[in-house]
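Novice: I'd like to go over a predicted model; first the sequence, then the structure.
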Amino acid sequence: MSQQAEKRSATGVITITEFEAGHAVRHFFGTRGQAGNGQSPFGDLTSFGNGTPPNPFAVVSVKQVHGTDALLVAQPVEAGKIFAGEWDAVITNQVGVLVTVRTADCVPILIHDPIHHVVAAVHSGWRGSVAGIVPKTLMRMQQEFGAQPESIHVAIGPSAGPCCYEVDDAVLKPLQSYPFWKSVVRETVQGHALLDLREFVRRQTHAAGVPEQNMWTVRHCTICQPDLFFSYRRDGVVRDTMTSGIMLSEPHC
């Protein structure tokens, strides 16, 4: 099982101290108390980890389509730059570039390689998860920057949880291509089951080579905690989204 360790900040976001510990990286998982639409909650960045963040910094937010493509940001970015296209992951090796994803039940995943100094933010719903967006993002990080799975750290954020996320055969049948699929579902009635999408992502990530001790999971359900999270499944409409992000904060030697 992945580790669980988190803290809630006064700005309304969730962070994992151990995920950042000793590394020049800042991250957050958003809640409904933090502005969505790609905005950063970093009014006081010093509360998000070790040291002082770069100032100014650029925020990268993309149009998400439940696919598996990743935007690569390998050059300095000016604040306000718009990236035309559709992606569900953003990868960068640039200091001061905050890569973000937006969720309202899907799983936000933040990735950091402290050896090769590269980070990624991933949006993974059930379609992207089954299609392998996390392993594909890890492979892209390896191809572009030499990032090896054994050195990568992964933080899995709040999403629809196994207490509330009921799915039918349209979801269950594609899951069955994975050998561990039975361990992430609990049948309710014929053709329906509760799905632990975070655990699916965790197992898939571990199968891609990331060690158990390098993974952390925030075990909050977005569906049954309306005080904390927006939820498409609960509300039936997208009232708003939570933004999650990660950023390299210092140049490496």
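Specialist: Perfect, I can see it now.
Novice: what stretches of this protein score poorly on pLDDT?
Specialist: 1-11, 34-56, 80, 252-253 (pLDDT under 70).
Novice: Spatially central, which residue of it would that be?
Specialist: By Cα atoms, centre = their mean, the chain has its centre lying nearest to Ile109, at 1.7 Å.
Novice: What pairs with the helix or strand hosting Phe29, parallel or antiparallel?
Specialist: If you go by DSSP states H and E, Phe29 is part of strand 25-30. Using DSSP bridges, strand 25-30 pairs in its sheet with strand 13-15 (antiparallel), strand 242-248 (antiparallel).
Novice: Specify the local secondary structure of the residue nearest to the centre of the chain.
Specialist: strand (DSSP: H, G, I helix; E, B strand; the rest coil).
Novice: Is it in contact with Ile156, as I believe?
Specialist: Yes - with contact defined as Cβ atoms under 8 Å, Ile109 reaches Ile156; the gap is 5.6 Å. (C-beta placed from N, C-alpha, C; glycine too.)
Novice: and the nearest residue to Thr103 once chain neighbours are set aside, how far is that from Cys106?
Specialist: Excluding the flanking residues, the one nearest Thr103 by Cβ to Cβ, 6 or more residues apart in numbering is Met242, at 5.6 Å. Taking Cβ to Cβ, to the nearest Å as the measure, Met242 falls 10 Å from Cys106.
Novice: of these two, who's got more company?
Specialist: More neighbours surround Met242 than the other of Met242 and Cys106, with 31 against 27 (other Cβ atoms under 10 Å).
Novice: Quick one: residues contacting that one.
Specialist: When contacts are counted by Cβ atoms under 8 Å, 6 or more residues apart in numbering, Met242 touches 29-32, 34, 36, 102-104, 108, 158, 222, 229-230.
Novice: that older thread, following element in sequence after the strand holding Phe29, please.
Specialist: Toward the C-terminus from strand 25-30 - assigned by DSSP H and E - lies strand 58-60.
Novice: Going by contacts, tell me the helices and strands next to that next one.
Specialist: Here strand 58-60 touches strand 97-103, going by 3 or more Cβ pairs under 8 Å, 6 or more residues apart in numbering; DSSP states H and E.
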